[in-house]
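1. just the structure for this:
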Amino acid sequence: MSPTSKNLRDALTPREELIQIQKTLFRKNQKFIEESTLVENPEFKDYQQRYLKQVSRFKKIISFESVAQSLKEIDLIYVGDYHTNRQSQKAFLRLLQLLKSTKPNLLIALELLHEEHQKATNQYLNWEIKEESFLKKIKLHKRWYFDLWENFKPIFEFARMKQIPIYGIEAANHQETSLKQRDLACAQKITHLIKQHPDHCIVVLIGDLHIAAQHLPKEVKSLLKAQNLKKKDALIYQNSEKIYWKLAEIRREHKTEAVQIAKHRFCLINTPPIVWQQSYIDWLEHERKEIDYADAKPTFLELADQIALFLGIKLPAIKEEVEVYTCGDLSFLETLEEDPAFQPEEIRAVKRQILSNESYYIPKRKMVYLASLSLNHAAEEASHFIR
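-> Numbering: from 1, shown residues only. Predicted structure coming up:
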């Protein structure tokens with residue numbers, strides 16, 4: 001580290017340094033993801049930049065319920081999805097639950113499903129075939145790049161219970177079509193659904209980048225206009241990193257459920273950037289089992305109990321005092337820096353662990369930091385905790 005960067009670091013408040021550490025991790029993760037996915041297509045970069053411009057700032061902080069209330073007069077709702085982040089699908093389900101109370105005629109449109117598998121989808125929703133047969137018929141593990149059925153299963157269970165139809169809107173071959181062609185194919189399917197179900201509110205769940213105003217929504221508007229049809233639409237993005245950093249600057253990143261970007265344009269905030277990045281990295285590394293970012297401690301203690309049982313020991317009641325932090329919440333660093341029992345060198349060692357994406361157990365404070373949400377990481381630190 002150069003003297004200049006060291007002086008700059010020393011001039012930062014603990015809170016500012018915390019944000020800098022998170023941004024450093026974000027850049028590091030982003031580089032790894034880009035290198036792993038080999039995204040060099042100029043079309044993709046332009047596509048991504050158009051999306052990022054849509055989610056770079058916001059007008060005001062609002063509640064999740066306020067987002068749902070703002071959709072009363074809306075006929076077509078696009079919700080962005082980060083496929084490997086379970087919180088994205090949980091937020092979509094929560095929105096459906098709120099919408100169902102005010103919009104009896106809901107229709108769910110999913111990128112997850114290809115239109116050619118609609119018969120199997122209807123059979124599954126009508127309890128005519130079992131889950132195993134359904135997944136086999138739709139060829140999910142072969143056709144869809146992200147074969148994370150468990151993330152989406154609760155959406156289908158809710159639709160079954162409430163008798164909400166689900167339609168697949170993927171209508172193109174990923175390997176043989178451009179992003180624009182994929183948007184056009186999806187738009188044609190959505191337009192068809194609008195004509196087929198004119199009295200329904202259609203709620204679309206598709207990859208976040210697709211719902212930039214110039215992408216899929218623009219294609220749908222163009223097709224509707226050509227057929228003299230109109231639908232009021234709303235765009236609901238999720239977890240923009242630029243918005244998250246702005247919220248972090250005013251200490252609202254963990255107290256905000258949603259923000260309004262513009263009229264009928266929102267962004268839900270349920271996962272820090274380095275957490276949704278890590279969900280993708282874990283997926284790349286085949287770490288499919290993960291703990292819940294929003295409620296990590298119960299899973300951690302359950303793992304500790306299982307390991308203790310295997311070892312034939314009983315953990316004392318004091319185990320409940322353990323504090324569990326995930327990669328999306330580095331606030332424990334502020335606590336450590338205010339604790340006279342911790343020397344500067346000890347804190348620097350913790351920061352080095354964090355920047356190396358390593359999980360960490362701090363016995364002196366019974367604190368656990370999980371650099372990944374994978375069960376393997378959590379189990380390893382649970383072992384350290386027991387020891």
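2. let me know how buried residue 311 is, in neighbour terms.
-> Burial of residue 311 is recorded as 10 neighbouring residues (other C-beta atoms under 10 Å). Bear in mind the C-beta positions are built from the backbone N, C-alpha and C, glycine included.
3. tell me the pLDDT at it?
-> As predicted, residue 311 sits at a pLDDT of 84.
4. before we move on, what about residue 9?
-> Listed pLDDT for residue 9 reads 51.
5. so where's the protein uncertain?
-> For the chain, the stretches flagged by pLDDT under 70 are 1-11, 38-40, 174-176, 287-289.
6. could you redo the last one with a cut-off of 50?
-> When residues are selected by pLDDT under 50, those of the chain lie in 5, 8.
7. strands paired with the strand ranked longest in it, and their directions?
-> Determined from DSSP state E, the single longest strand within the chain is strand 106-114. Note on strand 106-114: by DSSP bridges, its sheet partners are strand 166-170 (parallel), strand 201-207 (parallel).
8. other SSEs contacting whichever helix or strand comes after it?
-> Using DSSP states H and E, the helix or strand that directly follows strand 106-114 along the chain is helix 118-125. Judged by 3 or more C-beta pairs under 8 Å, 6 or more residues apart in numbering; DSSP states H and E, the packing partners of helix 118-125 are helix 131-138, helix 149-162, strand 166-170.
9. what angle do the shortest one and helix 149-162 make?
-> For strand 166-170 against helix 149-162, the angle between stretch directions is 140 degrees (axes from the mean of the first three to the mean of the last three C-alpha atoms, to 10 degrees).
10. export only the CA atoms of strand 166-170, formatted as PDB.
-> Extracted C-alpha coordinates of strand 166-170, given in PDB (Å, rounded to 0.1, in the frame of the first residue of the first chain):
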ATOM      1  CA  ILE A 166     -48.500 -19.700 -14.800                       C
ATOM      2  CA  TYR A 167     -47.200 -19.300 -18.300                       C
ATOM      3  CA  GLY A 168     -43.700 -19.700 -19.700                       C
ATOM      4  CA  ILE A 169     -42.600 -16.700 -21.700                       C
ATOM      5  CA  GLU A 170     -39.200 -18.000 -22.800                       C
END
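11. give me the contact list for the next helix-or-strand element following that strand.
-> Using DSSP H and E, the helix or strand that directly follows strand 166-170 along the chain is helix 179-196. Applying C-beta atoms under 8 Å, 6 or more residues apart in numbering, the contact partners of helix 179-196 are 43-44, 47, 75-76, 107, 109, 111, 115, 167-172, 174, 177, 200, 202, 204, 206, 209-210, 215-216, 219-220, 222-224, 227, 229, 231.
12. buried among those residues? Make that a ChimeraX selection.
-> Burial among those is assessed by 16 or more other C-beta atoms under 10 Å; the matching ChimeraX selection reads:
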select :47,75,76,107,109,111,115,167,168,169,170,171,172,200,202,204,206,209,210,215,216,219,220,223,224,231
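13. so residue 324 sits right up against residue 300, yeah?
-> Yes. Using C-beta atoms under 8 Å, residue 324 makes contact with residue 300 at a distance of 4.8 Å.
14. joint contacts of these two?
-> Counting by C-beta under 8 Å, 6+ apart, the residues touching both residue 324 and residue 300 are 368, 370.
15. what sits against residue 67?
-> Contacts of residue 67 (C-beta under 8 Å, 6+ apart): 95, 236, 258, 266, 268.
16. how many neighbours does the first one have?
-> Using other C-beta under 10 Å, residue 95 is surrounded by 20 other residues.
17. what sits against it?
-> By C-beta under 8 Å, 6+ apart, the contact set of residue 95 is 64, 67-68, 77, 79, 203, 236.
18. now, the residues you listed that are in strands?
-> 77, 79, 203, 236.
19. for the first one, give me its contacts.
-> So the one you mean is residue 77. Neighbour list for residue 77: 71, 95, 99, 201-204, 233-234, 236 [criterion: C-beta under 8 Å, 6+ apart].
20. and those residues, which is closest to residue 361?
-> Here the nearest of these to residue 361, counting by C-beta to C-beta, is residue 95; it sits at 36.8 Å.
21. buried sites along stretch 79-99?
-> 79-96, 99.
22. got it, and stretch 44-57?
-> So, applying 16+ other C-beta under 10 Å, buried residues of stretch 44-57: 47, 51, 54-55.
23. I'd like those residues as a markdown table, with secondary structure appended.
-> Output for the buried residues of stretch 44-57, formatted as a markdown table (DSSP: H, G, I helix; E, B strand; the rest coil):
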| residue | secondary structure |
| --- | --- |
| 47 | helix |
| 51 | helix |
| 54 | helix |
| 55 | coil |
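24. for the residues you listed, which two are the farthest from each other?
-> Farthest apart among the buried residues of stretch 44-57 by C-beta to C-beta are 47 and 55. That separation is 13.7 Å.
25. longest helix of the chain?
-> Longest helix in the chain, counting residues (DSSP state H): helix 14-37.
26. go through it and flag the buried ones.
-> Result for helix 14-37 [16+ other C-beta under 10 Å]: buried residues 17-19, 21-22, 25-26, 29.
27. picking up where we left off before, between helix 179-196 and the longest strand of the chain, find me the angle.
-> Going by the same axes, to 10 degrees, strand 106-114 makes 140 degrees with helix 179-196.
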